[in-house]
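Undergrad: A predicted structure for the sequence below; I have some questions about it.
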Amino acid sequence: TRSLAFQRLGEPMEGSPPSSAGWFRTVFTMRGRALSGIVLPFTVINAVSVAWTCAAQLYLHDNKWDLPSNIESAYALIITTLGFLLVFRLNRAAKRYWDSREKWGKLVELGRLMACSACVHLDREQADAVCALTCLFAVATKQLLRSDSTIDVEQLAGIFTSADYVRKVASAAHPPLRVAAELRRMLADALAVDASTTAALGERRSTILRTLEGYLDGLVGQCGGMERIRSTPLPIVYVSHLRSYLLIALLLMPFVFEQSWLWGTIPTVALVSVAFLGVESAASECESPFQLRPNHLKMEAFCHALFENVSQILVDSLDDARHNPHP
Amino acid sequence: TRSLAFQRLGEPMEGSPPSSAGWFRTVFTMRGRALSGIVLPFTVINAVSVAWTCAAQLYLHDNKWDLPSNIESAYALIITTLGFLLVFRLNRAAKRYWDSREKWGKLVELGRLMACSACVHLDREQADAVCALTCLFAVATKQLLRSDSTIDVEQLAGIFTSADYVRKVASAAHPPLRVAAELRRMLADALAVDASTTAALGERRSTILRTLEGYLDGLVGQCGGMERIRSTPLPIVYVSHLRSYLLIALLLMPFVFEQSWLWGTIPTVALVSVAFLGVESAASECESPFQLRPNHLKMEAFCHALFENVSQILVDSLDDARHNPHP
Amino acid sequence: TRSLAFQRLGEPMEGSPPSSAGWFRTVFTMRGRALSGIVLPFTVINAVSVAWTCAAQLYLHDNKWDLPSNIESAYALIITTLGFLLVFRLNRAAKRYWDSREKWGKLVELGRLMACSACVHLDREQADAVCALTCLFAVATKQLLRSDSTIDVEQLAGIFTSADYVRKVASAAHPPLRVAAELRRMLADALAVDASTTAALGERRSTILRTLEGYLDGLVGQCGGMERIRSTPLPIVYVSHLRSYLLIALLLMPFVFEQSWLWGTIPTVALVSVAFLGVESAASECESPFQLRPNHLKMEAFCHALFENVSQILVDSLDDARHNPHP
Amino acid sequence: TRSLAFQRLGEPMEGSPPSSAGWFRTVFTMRGRALSGIVLPFTVINAVSVAWTCAAQLYLHDNKWDLPSNIESAYALIITTLGFLLVFRLNRAAKRYWDSREKWGKLVELGRLMACSACVHLDREQADAVCALTCLFAVATKQLLRSDSTIDVEQLAGIFTSADYVRKVASAAHPPLRVAAELRRMLADALAVDASTTAALGERRSTILRTLEGYLDGLVGQCGGMERIRSTPLPIVYVSHLRSYLLIALLLMPFVFEQSWLWGTIPTVALVSVAFLGVESAASECESPFQLRPNHLKMEAFCHALFENVSQILVDSLDDARHNPHP
Amino acid sequence: TRSLAFQRLGEPMEGSPPSSAGWFRTVFTMRGRALSGIVLPFTVINAVSVAWTCAAQLYLHDNKWDLPSNIESAYALIITTLGFLLVFRLNRAAKRYWDSREKWGKLVELGRLMACSACVHLDREQADAVCALTCLFAVATKQLLRSDSTIDVEQLAGIFTSADYVRKVASAAHPPLRVAAELRRMLADALAVDASTTAALGERRSTILRTLEGYLDGLVGQCGGMERIRSTPLPIVYVSHLRSYLLIALLLMPFVFEQSWLWGTIPTVALVSVAFLGVESAASECESPFQLRPNHLKMEAFCHALFENVSQILVDSLDDARHNPHP
């Protein structure tokens, strides 16, 4: 049922092939293209283009505006810089996308280390609780990044028997921080020392506590890093300048080129505007990849993978404890 | 009232949409465009352009200067490199912007870790004091980066009851360093060992001290990193060469192209100069994003977020201490 | 036999010269060119180009479609941006390739450190077991990244005498994690402390445990990082937009240029499409370099190098223990 | 007097506005432009340009060399790549500049942490000595990077009363390493343990020693990193190829374009060569920013800032020790 | 004699000016230009160019092949992307070069820290042995990266009196790893604890052992990182595609442009092919900078610098031990 819950939740992200699929599968996919973002500017630009081309070709044939010769050279002056700006923006978006992916990856990795260390160094019961809270941390991070108001308890089926605790966490102002505080307190309790502890055991417990708290600090850090990416778009000045620049360049295209391209103006403007707006849209789409969209991070799958890993670690550790562990 | 204080202080940064807003909202915003920086060069360039075009079209019609053919090709030679330079500069500014954002993000993150660890490992009273100083550290960093002479005490309402201590910190040469020294001494006192401490407890305290001092070193490091960005503009040779290059290229445009563009020279020069100056201005705007401007870091919001997190941690920790903490 | 096993397994990767070989050897190699990926789009584009050119040159001579003058300038507008996009994609792929290489390199490095430290700080027998599991970890990582269902036991000849344990690991859901858990438990057992351990020895054992667990965490981290690269292709929107853009640009080329290039259209379109598709294909090829292909990581060789290093370390350590170790 | 010494020493760097100053201040500055590096190639190129243009316009009017048509297209082929190369070089120089700045910044930061920790964890007298040596380390690093033969003792006025020790350090082969060794020995002495130390105190001292030595290792690392930048120019093959390429391109310009640009050749070549040589010169200027030049690192100011911070820390710590430190 | 040995060994790298030298010294140098790599393709391309131009100008004057008009525009389409690819490759090579440099720099730095720490925390005799092995590690790394079969013992004159040990190390499969294992065992012996060690001394020794082993791990890591760069060229698909692309573009140049450039084709093709091949060659040259070539890392000088630093540290430490060390 846990698998099913993740599958159901992650469904809106399915339906587009992976980008490593073959040429024509990636070319002919529609779902992952993020076209919704460019419908409006595309319509405006092409409406102007069609209107002007028809007007010029049909009615203004004789007394049309006398375009200065060589005005296209002004176009050439600005189009290279526009291309740079578009790819610059795409590059920043790609970096943000990969940073986000890397942070989720490290979150899963630290979750694994936490589970594995807890199984080796803590009691069975304590290890179970640490593993459960680690899983909850991942789900709470997902909730926070998606701005969901609750956590679907079914995702944690078999991990938390009571849904009350999960609901309590989900309603906190910052759920992952709530889980982290809980986990930190639990670690401190599990590895407490007092005046009667011997030096060697005390040292060992402190070393393990430091290690496990280090993993926990890492988990909190990955979560904070993703919050940062989600809450910080590019400075408005970059985006508004680039979009104005792009819009003006595309809007002026029919006026500048209609006299040489004639009826060819309409398809040419359409193709060029799709090409350029599409780059902008791809950048925009991947800048903050935490929604339920085909290009965004498959956070359900990441949580599921973590849970599978943690389960394997718990089962193996029971197994090892029962048999002679060393090969 | 703390929320209100932050809201009031951060007000000059509001009023422009986030860059992840829809196409036309970002295109039609005026507030975040950083146009003030380009008013002067734009005016100079376009005054020259208008003056020369009018003179050439109206008076010099017959005996005007005979422009060598093909002089525009010289333009093509330099314009691509100019585009590269502009995007190179924009790229460096974007990197500085994101580094600054990341440093503030890490500051908030370390503040959370400090608060959370203090609540688990220190006495209630000590934890309160550590949390208060951590919050003050963030506000003092904001003061330093803004070059403010004082700290608005209302921001710390409910955290520091006496405004005197805050004022004393605010008047130090380097306020965050003052707070950090205080915090370091407090940690050392809270976790002191003496000849009668047992080995296990001594080890534990030293481990915790090392961890908490590590967070503190991180806080100081983030603050230092942001000071560095603020106080180190790009080398003057980059900026002055790029701007001279850009200015000369734009100033010569009407003289080179007036014979082919005729009256079209005036709007074309205006559009091209806005496009290019706008990129330079966007870079300039985001290079040192610590002022009260729409594109700059919303430091009030970051401090506020940290305070909310710290409050949650303190309240949860009281809560946990009262009930059975483990789920 | 171990060498032979690795050589046999890695055979499909051989046959192309290293890229540091001389000019003409690298130009005339065919095996490493990743041409299979572009056969389909190349065929489609050139079929259209040949068909149209023949039709236009042979049959439509008189009443052919009257192409608007200067339509090629639209081409110039988009081709620079297309070039940027291609190199942007190549750059991201190169970064992924190098990151993967670096992670394998660090895995080998950490394996060496683990072996070396174990030989110095653990008993002979324990050190042997740690070294064996470290080698198995590398092979299990290779298995996971290749999505192989089993591990060829011959690779571990002389390291694990019984193939059963290897088979058990290979059938786990996540084999490297299984090995890591085993290794962590073994380290904890080898360096256990109890109430009767003296403070100095306890401290020493905890320090060594921390160090060795640190290496192990690093090994798990490298493995996780490579899984991340393997399982995360570029966002589909990037690839599908770039490929559509490229396909349309190349498909339209014969229609736009046939009137000026005449029969030269066929070879020109062929050359230009190979040039551009080849860049895309090179990027595609190196994005996730974990298969048995000539451009991919030579993981067999890396495992072999690690095993050789570990053997040397074990032999030297026996040697040192027998003689007076210090020069 | 310390302030005065730093001001006097750093004087050659003053006189150019910061690059964040207004448009026209940065455009009209002359001091920071690094023009001296391009005087020679500029003169050679423009001498050739003037000579050829005059010869061609005045004497060779009739029987001049018949230039093949369309030779300018060869120019277009190479000029874009030249632009890339120039910006590539500028980019590498900018990275080196910022790395250097970051290393000095971290040096200052580590110096602060060292001073602050020493004041909290060491005796008053020992803390004073550690702070003094930290300041000396910064000045010795400056001396090394500038290749100065001595240290101006006035910079350390109020820190070291006897100039003899400073002179001894300054005459070492590697002064910062000399100071670091001294500091390391002092820390080891201040935090020594012996057979009679209790476990808890011994652990505490070792922890503090590790922390302080960690800061010291960091200081040595920053110094080494800057030495590395200073002593490693770009590979000669990059620079000599780029400069030859640039020189030939600019030298051929009058011969290729004189027939179309006529007398306009002279100013055009002058402007284009300033634009391109200026980029190369800006890169060259910032590659190793450790001299007394306007674009270089203001190391005097950095040392001064560190000294001010250290003074504040020492004074505050006295203050804290006297009053009730906690707010 | 040690200086002389290093000078003699590093001699093949001398003879070209540093790239920070003046304009004309860098332009007119021949030694560092890495021209040998491009002799073959340059010859082939220009032989074709000369042959075709002569044939076309002298014999085919009348009935020459009728070139389609505007075929040069196909050239413009691909040349920008070619330029991007060349600079992309140069960029990757520059990054590899600088990474290698940084790793050697860190190796020297860690060697210094090792020597300095050993002098402070170990006995005189042990410190001497640690310093000697650290120096040997650097030389063994150089041997490995150069694929030398032996170590020239003279480089270690005054460090190792017996050449036998050096020869034994040099003949190991992986010499630096051999030295590192030796060093690790020596550190473990020097800082051993047993049941009778007091807690405080045990803790101190473990802390120091951890620090020194950390430096050693760093040394091994730098060595491994450089091995990685040396053994991993760019994927063959990148290089073979770029070179084929470049070769075809340059080979077709005379056929495409001969009709407009006439006899000017020969020098133009020569210049353009030098410009482009030179960029490729510069990238190729610096990709794996571990040979005895003018652009490569001056590893002899780095080893020499390390030895001088270590000597200074040893001498100063004797000196300090004799006098009152504190200023």
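TA: Nice, thanks for sending it over. Numbers count the residues shown, from 1 in each chain, chains lettered A, B, ... in the order given.

Undergrad: all helices of the stretch 51-200 of chain A, in order?
TA: Along the stretch 51-200 of chain A, counting by DSSP state H, counting those that start in this stretch, helices occupy A:72-121, A:124-146, A:163-170, A:175-190, A:199-231.

Undergrad: stretch A:44-61 vs chain B: in contact?
TA: No - Stretch A:44-61 stays clear of chain B (Cβ under 8 Å from any Cβ of the partner chain), getting no nearer than 8.5 Å. All C-beta spots, glycine's among them, are computed from the backbone N, C-alpha and C.

Undergrad: so how far is that stretch off the chain centroid?
TA: For stretch A:44-61, the separation from the chain centroid amounts to 41 Å (computed by Cα atoms, centre = their mean, to the nearest Å).

Undergrad: give me the spatial nearest neighbour of residue A:221, chain neighbours excluded.
TA: With sequence-adjacent residues excluded and distances taken as Cβ to Cβ, 6 or more residues apart in numbering or on different chains, residue A:221 is closest to residue B:109, at 5.7 Å.

Undergrad: from residue A:19, how far off is the one you found?
TA: Distance of residue B:109 to residue A:19, given as Cβ to Cβ, to the nearest Å: 32 Å.

Undergrad: can you lay out the helices of the stretch 51-200 of chain A as TSV showing mean neighbour count and distance to residue D:267?
TA: Formatted as TSV, the helices of the stretch 51-200 of chain A follow (neighbours: other Cβ atoms under 10 Å in any protein chain shown; distance: least, Cβ to Cβ, whole Å):
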stretch	mean neighbour count	distance to residue D:267
helix A:72-121	23	20
helix A:124-146	22	58
helix A:163-170	17	71
helix A:175-190	23	64
helix A:199-231	23	50
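
Undergrad: those residues of chain A touching chain E, which are they?
TA: residue A:199.

Undergrad: make it 10 Å
TA: A:80, A:83, A:199-200, A:203 (Cβ under 10 Å from any Cβ of the partner chain).

Undergrad: could you identify the most distant pair in these?
TA: Checked with Cβ to Cβ, the residues of chain A next to chain E reach their widest spread between A:80 and A:199, with 70.1 Å between them.

Undergrad: centroid residue for chain A?
TA: Nearest residue to the geometric centre of chain A (Cα atoms, centre = their mean): residue A:289, 2.5 Å.

Undergrad: what is the mean pLDDT for stretch A:319-327?
TA: Average pLDDT, stretch A:319-327: 53.

Undergrad: and what of stretch A:177-191?
TA: 94.

Undergrad: swap in stretch A:197-212?
TA: The average of the pLDDT scores along stretch A:197-212 is 94.

Undergrad: hmm, that stretch in reach of chain D?
TA: Yes - against chain D, stretch A:197-212 shows contacts by Cβ under 10 Å from any Cβ at A:199, A:202-203, A:206.

Undergrad: which among those are in contact with chain B?
TA: When Cβ under 10 Å from any Cβ is applied, the members of the residues of stretch A:197-212 next to chain D adjacent to chain B are A:199, A:202-203, A:206.

Undergrad: residue contacts, the closest residue to chain C within chain A?
TA: Per Cβ to the nearest Cβ, residue A:200 is where chain A lies closest to chain C, at 2.4 Å. By Cβ atoms under 10 Å, 6 or more residues apart in numbering or on different chains, the contact set of residue A:200 is B:199-200, B:203, C:193-206, E:199.

Undergrad: equivalent analysis for residue A:2, please.
TA: Residue A:2 makes contacts with A:135, A:154-159, A:303-304, A:307-308, A:311, as judged by Cβ under 10 Å, 6+ apart.

Undergrad: go again with 7 Å.
TA: Taking Cβ atoms under 7 Å, 6 or more residues apart in numbering or on different chains, we find residue A:2 in contact with A:155, A:157-158, A:307.

Undergrad: from these, list just the buried residues.
TA: A:155, A:157, A:307 (16 or more other Cβ atoms under 10 Å in any protein chain shown).

Undergrad: name the element the last one belongs to?
TA: Yep, that's residue A:307 we're talking about. helix A:299-322 (DSSP states H and E).

Undergrad: give me the angle between that helix and helix A:199-231.
TA: Here the directions of helix A:299-322 and helix A:199-231 differ by 170 degrees (axes from the mean of the first three to the mean of the last three Cα atoms, to 10 degrees).

Undergrad: and helix A:299-322, C-alpha only, in PDB?
TA: In PDB, the C-alpha atoms belonging to helix A:299-322 read as follows (Å, rounded to 0.1, in the frame of the first residue of the first chain):
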ATOM      1  CA  MET A 299      10.000  13.400  -4.900                       C
ATOM      2  CA  GLU A 300       7.500  10.500  -4.400                       C
ATOM      3  CA  ALA A 301      10.000   8.100  -6.100                       C
ATOM      4  CA  PHE A 302      12.900   9.500  -4.000                       C
ATOM      5  CA  CYS A 303      10.900   9.000  -0.700                       C
ATOM      6  CA  HIS A 304      10.000   5.500  -1.900                       C
ATOM      7  CA  ALA A 305      13.600   4.600  -2.700                       C
ATOM      8  CA  LEU A 306      14.700   5.800   0.800                       C
ATOM      9  CA  PHE A 307      11.900   3.800   2.500                       C
ATOM     10  CA  GLU A 308      13.000   0.700   0.500                       C
ATOM     11  CA  ASN A 309      16.600   1.200   1.500                       C
ATOM     12  CA  VAL A 310      15.700   1.700   5.100                       C
ATOM     13  CA  SER A 311      13.600  -1.400   5.100                       C
ATOM     14  CA  GLN A 312      16.400  -3.400   3.600                       C
ATOM     15  CA  ILE A 313      18.800  -2.100   6.200                       C
ATOM     16  CA  LEU A 314      16.400  -3.000   9.100                       C
ATOM     17  CA  VAL A 315      15.800  -6.500   7.700                       C
ATOM     18  CA  ASP A 316      19.400  -7.200   7.000                       C
ATOM     19  CA  SER A 317      20.400  -6.000  10.400                       C
ATOM     20  CA  LEU A 318      17.900  -8.400  12.100                       C
ATOM     21  CA  ASP A 319      19.300 -11.100   9.800                       C
ATOM     22  CA  ASP A 320      22.900 -10.300  10.700                       C
ATOM     23  CA  ALA A 321      22.200 -10.300  14.300                       C
ATOM     24  CA  ARG A 322      20.700 -13.800  14.100                       C
END
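
Undergrad: and that helix, what does it pack against?
TA: Applying 3 or more Cβ pairs under 7 Å, 6 or more residues apart in numbering or on different chains; DSSP states H and E, one finds that helix A:299-322 contacts helix A:2-9, helix A:72-121, helix A:124-146, helix C:175-190.

Undergrad: next, the angle from that helix to helix A:72-121.
TA: For helix A:299-322 against helix A:72-121, the angle by the same axes, to 10 degrees is 20 degrees.
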